[in-house]
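> Make a model of this:
(one chain, ligands or ions: 1)
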Amino acid sequence: VTAADAILRPGPTLLGQWSMDRALAVLPFVFFLLRKHQPVLKLGNTYLVTRHDDVRTVFAEDASFGVPYREKLDIILGGEPFILGMPDGDEYRAALASMRSVVRRADLPMLAAEVSARAEAIVASAPGRVDLVDLVRTIAFDFVAQYLGVASPSGAELYRWGTRLFEYQFVGSDAPLKAEVAEIAPLMRSQIRQEIDRCRAAPAGRDDVISRCIAAQAAGQPGFSDAQITAIIAGILIGGPPQPPMVVPQAMEQLLRRPAALAAAQAAARSDDDAALAAHLLEAMRFDPLAPWMPRVALAARTIAGCDIPAGAKVLASIASAMRDERRVPEPKRFDAGRSPDQYLHFGHGVHQCFGLQINLATLHLMVKPLLKRRNLRRAPGRAGRLQKQRAFASTLFVEFD
Ligand code: HEM
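Numbers count the residues shown, from 1 in each chain. Down below sits the predicted model:
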């Protein structure tokens with residue numbers, strides 16, 4: 001049993017997975033044609049937006065293009081609101097401010113050091129061979145859980161819970177997945193409640209997100225009832241750690257396909273040029289980003305690129321297409337680690353831009369830095385050495401080193 005088998009749902013048949021992977025592989029060409037000839041594609045009541053500026057407009061206009069996440073979030077969080085599901089407004093701003101008061105910029109150096117230490121320990125104890133998905137998943141879940149102050153469940157069970165709830169929230173809603181969510185979601189909430197009680201009973205010596213929430217509650221600050229704290233912690237666990245084990249191995253697969261870019265990333269790692277290393281990772285992510293698009297629902301009729309989108313329509317803002325749009329991304333097929341940040345949309349844009357943005361920029365590259373420093377980093381032989389996916393999730397990518 002591989003780590004992936006314990007955590008991810010079994011994939012479709014080999015043929016099913018192959019077709020999915022093929023469909024994703026031709027998307028860049030489809031997007032190219034659409035950007036040129038049909039920048040907003042209407043498919044029934046769904047509108048796919050493909051040009052960079054239009055994608056930004058969709059994200060920026062929260063009052064016209066709202067997030068469609070609330071319904072599923074209600075099932076996961078038992079009806080307690082969380083920023084991801086809220087329209088912009090006073091309630092959203094207050095909830096965001098509460099979260100920012102306990103997830104602080106000043107923590108970034110500590111989090112970076114924590115991620116570096118975890119990554120180095122795993123690589124140092126690996127016998128010249130590592131599964132990048134397993135490596136990144138372990139680091140991402142463990143450092144976020146520790147930062148939040150969530151001790152249990154730990155290990156594979158936490159990874160499975162987070163990944164399954166993420167899958168339900170953002171990827172699918174088939175019956176077996178719904179059944180698992182119906183079991184996991186209340187368990188996760190009650191586990192977090194227990195952590196809150198434990199922390200309240202013995203707060204001494206703790207400085208994690210839960211302990212800060214409880215201090216805020218004791219000080220009478222609004223936004224920190226037990227139910228609200230539970231939603232903050234669960235929301236971050238579901239929205240955060242499942243993503244690095246998708247995008248970082250996908251980015252490494254792209255680097256492994258480009259020896260010059262890989263060598264430059266290795267040089268940056270060896271010379272401790274973290275800014276250059278991070279730039280290489282973000283650029284590699286552009287060739288296989290988190291998802292082709294982010295969903296929105298049209299709350300009012302709007303015209304985008306000459307296309308009338310009626311109220312009630314489903315809108316797909318394609319970040320993958322936007323990051324290849326030659327109108328804003330010069331020579332999009334070229335690997336260029338010197339691009340300006342405004343060419344990227346990895347973390348969304350506007351009101352719902354990733355809450356973990358600064359944490360990601362401070363840590364993602366450090367998850368693979370120790371590996372990039374090792375000599376003779378190479379793909380493992382055979383299929384193991386190529387990125388494998390189970391449905392939307394990266395499942396394995398083994399590399400070897402001396
Ligand atoms: C590779 C890592 C990550 C990627 C690519 C990523 C990407 C994104 C994107 C694209 C969105 C916007 C979704 C939309 O507009 O529909 C988002 C939102 C969000 N992300 Fe991340 N994320 C990552 C990691 C994290 C981490 C580590 C955390 C928490 C520590 C986090 C917490 C959130 C939250 C709470 C939101 C909702 C923000 C809001 O609605 O205002 N993410 N993320």
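
> Every contact and neighbour count from this point should use C-alpha atoms.
OK.

> Do I have it right that residue 276 meets residue 265?
Yes: assessed by CA atoms under 8 Å, residue 276 is found in contact with residue 265 at 7.4 Å.

> So between those two, which is more surrounded?
Set residue 276 next to residue 265 and count neighbours by other CA atoms under 10 Å: residue 265 wins out with 26 against 19.

> Following the chain past the helix or strand where that one lies, name the next helix or strand.
Residue 265 belongs to helix 259-270 when assigned by DSSP states H and E. Scanning forward in sequence from helix 259-270 by DSSP H and E, the next helix or strand is helix 274-286.

> if we look at that next one, which residues are touching it?
Here helix 274-286 makes contact (CA atoms under 8 Å, 6 or more residues apart in numbering) with 247-248, 250-252, 254-255, 261, 265-266, 268-269, 320, 323-324, 335-339, 344, 346, 361, 364-365.

> need the strands for the stretch 101-250 of the chain, in chain order.
129-131 (DSSP state E, counting those that start in this stretch).

> Up against the ligand, what does it have?
236, 239-241, 243-244, 247 (CA under 6 Å from any ligand atom).

> Dig out what residue 294 forms beta bridges with.
residue 317 (DSSP bridges).

> which of the residues of the stretch 101-250 of the chain next to the ligand are buried?
236, 239-241, 243-244, 247 (16 or more other CA atoms under 10 Å).

> Point out where the stretch 101-250 of the chain drops to low pLDDT.
For the stretch 101-250 of the chain, not a single residue meets the criterion pLDDT under 70.

> follow-up on the earlier one: in helices only, show me the residues of the stretch 101-250 of the chain next to the ligand.
236, 239, 244, 247 (DSSP state H).

> Just want the most central residue of this protein.
residue 243 (3.1 Å; CA atoms, centre = their mean).

> Contacts only, for that one.
Contacts of residue 243 (CA under 8 Å, 6+ apart): residue 290.

> again with residue 130
Going by CA under 8 Å, 6+ apart, residue 130 touches 123, 398-400.

> what about residue 206, neighbour count?
12.

> quick one: it and the ligand, what's the gap?
19 Å (CA to the nearest ligand atom, to the nearest Å).

> Same check on residue 119?
For residue 119, the distance to the ligand - CA to the nearest ligand atom - is 16 Å.

> So what's the residue count around the nearest residue to that residue once chain neighbours are set aside?
Of all residues not flanking residue 119 in the chain, residue 367 sits nearest, at 5.5 Å (CA to CA, 6 or more residues apart in numbering). Using other CA under 10 Å, residue 367 has 26 other residues around it.

> With residue 357 instead?
Residue 357 has 14 nearby residues by other CA under 10 Å.

> For it, give me its contacts.
residue 347.

> same check, this time on residue 318
Contacts of residue 318 by CA under 8 Å, 6+ apart are 48-51, 55, 292-294.

> Among those residues, which lie within helices?
residue 55.

> Output the contacts of residue 318 as TSV; include the columns distance to residue 131, pLDDT and neighbour count.
Formatted as TSV, those follow (distance: CA to CA, whole Å; pLDDT from 0 to 100; neighbours: other CA atoms under 10 Å):
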residue	distance to residue 131	pLDDT	neighbour count
48	35	98	22
49	35	98	31
50	34	98	30
51	35	98	30
55	34	98	25
292	25	96	17
293	27	98	20
294	28	98	20
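
> could you pick out which of the contacts of residue 318 are near the ligand?
Checking those against the ligand (CA under 6 Å from any ligand atom), the matches are residue 294.

> Among the contacts of residue 318, give me the pair with the biggest separation.
Within the contacts of residue 318, 51 and 294 form the most distant pair, 13.6 Å apart (CA to CA).
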